[in-house]
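Colleague: Build me a model:
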Amino acid sequence: MNGQFIQGIRIEWNLIGAKSYLRNIEALNSLQELMFKKPVTFFVGENGSGKSTLLEAIAVSAGFNPEGGTKNYSFSTYDSHSELCDAVRLVRGYNRPGSGYFLRAESFYNVATKEKEYSDFAHPSERYHEKSHGESFLALAQKYFKGGGLYLLDEPEAALSPQRQLTMLAEIYECAKHGAQFIVVTHSPILLGLPGAEILTFDEGTVHPCEYEDTDSYIVTRMFINNREMILRRLLSIEV
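Modeller: I've put the predicted structure just below:
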């Protein structure tokens, strides 16, 4: 047994309806068990491959609000999480995290609003709405990311410039060195370059390990940078 708070997951498919759309997600419908071997695990794959759906189910099973926040957040702007949450069983380690956060880019506005409502004299608001989107993401990371915590992140790069993605990478790396666990859905070739992380791809119909250089994020970015003019000519039928 490794030191991760969440050692892995198991899915009880008998708890999912026979006509559920989840059974049509190719990478998920054959998944019975998934183990996490490293302090940082990245989920990669094409849009619609099931990455965020699985991360959301893990987050809810771990006690987080479906729209994000710490475990103290309890609200619902729109009840959209899937029934996979009811079927996922966490394989927990011996240790318990001292802190945690579920960050999802698509609902961060709602979380930022609720954070302001929850604030009081003893717990002042970070005033995320008064910051840019990217500044808010970094402020959140710098406040909540700590050694010994559990962090589930859904496309944290969405609001970040390339430079800020490097800052986020450094924050994740430093916390992981001090006992934190991260499970991250990302398309960022910068974040995916974090040393020692495990990358799991949801492409090709199964969830399986993938090398950094074999991810689409790396391949497509490298191809575009090295062949920009040729790609644009073919894609747009224009002279560049």
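Colleague: For residue 42, give its distance to residue 53.
Modeller: As judged by C-beta to C-beta, to the nearest Å, residue 42 and residue 53 stand 16 Å apart. Placement of C-beta: from N, CA and C, glycine included.
Colleague: ugh, typo on my part, it should be residue 155
Modeller: 13 Å.
Colleague: same thing with residue 22?
Modeller: 7 Å.
Colleague: So what's the model's average confidence on the longest helix anywhere in the chain?
Modeller: Secondary structure of the chain per DSSP state H: the longest helix is helix 162-177. For helix 162-177, the mean pLDDT works out to 95.
Colleague: Which strands and helices lie in contact with that helix?
Modeller: On a contact count with 3 or more C-beta pairs under 8 Å, 6 or more residues apart in numbering; DSSP states H and E, helix 162-177 meets strand 40-44, helix 133-144, strand 149-154, strand 181-185.
Colleague: Let me see the residues that make contact with it.
Modeller: 39-40, 134, 137-138, 141-142, 145-147, 149, 151, 156-157, 160, 182, 184, 188, 190-191, 193-196 (C-beta atoms under 8 Å, 6 or more residues apart in numbering).
Colleague: again, only this time at 7 Å
Modeller: Here helix 162-177 makes contact (C-beta atoms under 7 Å, 6 or more residues apart in numbering) with 39-40, 134, 138, 141-142, 145-147, 149, 156-157, 160, 182, 188, 190-191, 194.
Colleague: in stretch 46-64, what's buried?
Modeller: 49-62, 64 (16 or more other C-beta atoms under 10 Å).
Colleague: Just give me the closest of those residues to residue 95.
Modeller: Comparing the buried residues of stretch 46-64 against residue 95 with C-beta to C-beta places residue 62 closest, at 13.7 Å.
Colleague: excluding its backbone neighbours, what's nearest the closest one?
Modeller: residue 90 (6.3 Å; C-beta to C-beta, 6 or more residues apart in numbering).
Colleague: burial count for the one you found?
Modeller: 16 (other C-beta atoms under 10 Å).
Colleague: and the helix or strand where it lies, which strands flank it?
Modeller: Per DSSP states H and E: residue 90 is located in strand 88-92. Note on strand 88-92: by DSSP bridges, its sheet partners are strand 6-11 (antiparallel).
Colleague: Can you show me the helices along this structure?
Modeller: Under DSSP H, the chain gives helices at 26-29, 51-61, 84-87, 108-118, 133-144, 162-177, 216-226, 228-236.
Colleague: So which of those is nearest residue 10?
Modeller: Distance to residue 10, taken as C-beta to C-beta, is lowest for helix 84-87 among these, at 9.0 Å.
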